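>>> Build me a model from this:
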Amino acid sequence: MGSTSALKVYIILAIAYQIGLFSPALTKFNVVIVNYLGENAILNLHCQSKDDDLGAHDLPYTNSFNWSFNVNIWKTTLYHCDMGSGDLKGHFDIFVAKRDMNRCGDDKCVWRVNRDVLYLYIIDVDDYVCQFDWPK
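Residues are numbered from 1 along each chain as shown. Modelled structure (predicted):
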């Protein structure tokens, strides 16, 4: 490859990096879901994306389930979870790349599943904020 071609490739990559098509800080993400339903309450959890089925998990009180993944370059990565415990049952979009990449801290989204609502830690607020009610 000639020096002119190499320069063109470098410029294209630099522009793509600047406009956010890819970045090491944006590609890898972690999601953590913690059961805060109360003592003796098991959280039944099944999470998946279009490409990855993470399987079913039963989380005892204060236990967590977590996974890591790469956000695609179009930032359309989506993970949803079916959750339940007793009379509580719901389907929730747990990670939506364009919604969550900037509001979760340190490339990690931490969810607290309570009996009343689901809370997400929001970096700008430095606290957990209600995101979803359980369906009635």
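>>> For stretch 102-119, which outside residues touch it?
25-26, 28-38, 41, 43, 83, 88, 92, 94-95, 100, 120-124, 128-134 (Cβ atoms under 8 Å, 6 or more residues apart in numbering). No exception for glycine: its C-beta is placed from N, CA and C like everyone else's.
>>> Can you give me every residue that contacts the residue most central in space within the chain?
The centre of the chain sits closest to residue 95, judged by Cα atoms, centre = their mean, with a distance of 3.4 Å. Residue 95 is in contact with 29, 31, 77-79, 109, counting by Cβ under 8 Å, 6+ apart.
>>> could these go into TSV alongside neighbour count?
Converted to TSV, the contacts of residue 95 look like this (neighbours: other Cβ atoms under 10 Å):
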residue	neighbour count
29	20
31	21
77	22
78	16
79	22
109	25
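>>> What about the residues you listed, which are in strands?
29, 31, 78-79, 109 (DSSP state E).
>>> Nearest to residue 61, out of those: which one, please.
residue 31 (19.5 Å; Cβ to Cβ).
>>> what's the closest of the ones in strands among the contacts of residue 95 to residue 57?
Distances from residue 57 to these, taken by Cβ to Cβ, are shortest for residue 31, at 12.7 Å.
>>> Rebuild the contacts of residue 95 as JSON lines, extending it with distance to residue 59 and pLDDT.
Formatted as JSON lines, the contacts of residue 95 follow (distance: Cβ to Cβ, whole Å; pLDDT from 0 to 100):
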{"residue": "29", "distance to residue 59": "20", "pLDDT": "93"}
{"residue": "31", "distance to residue 59": "14", "pLDDT": "98"}
{"residue": "77", "distance to residue 59": "23", "pLDDT": "95"}
{"residue": "78", "distance to residue 59": "22", "pLDDT": "97"}
{"residue": "79", "distance to residue 59": "16", "pLDDT": "98"}
{"residue": "109", "distance to residue 59": "16", "pLDDT": "97"}
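>>> What ranges does this protein have for its strands?
Under DSSP E, the chain gives strands at 28-36, 43-48, 53-59, 64-70, 78-85, 88-96, 108-114, 117-122, 127-133.
>>> Name the residues of the first one that come out as buried.
By that I understand strand 28-36. Buried positions in strand 28-36, judged by neighbour count with 16 or more other Cβ atoms under 10 Å: 29, 31, 33-36.
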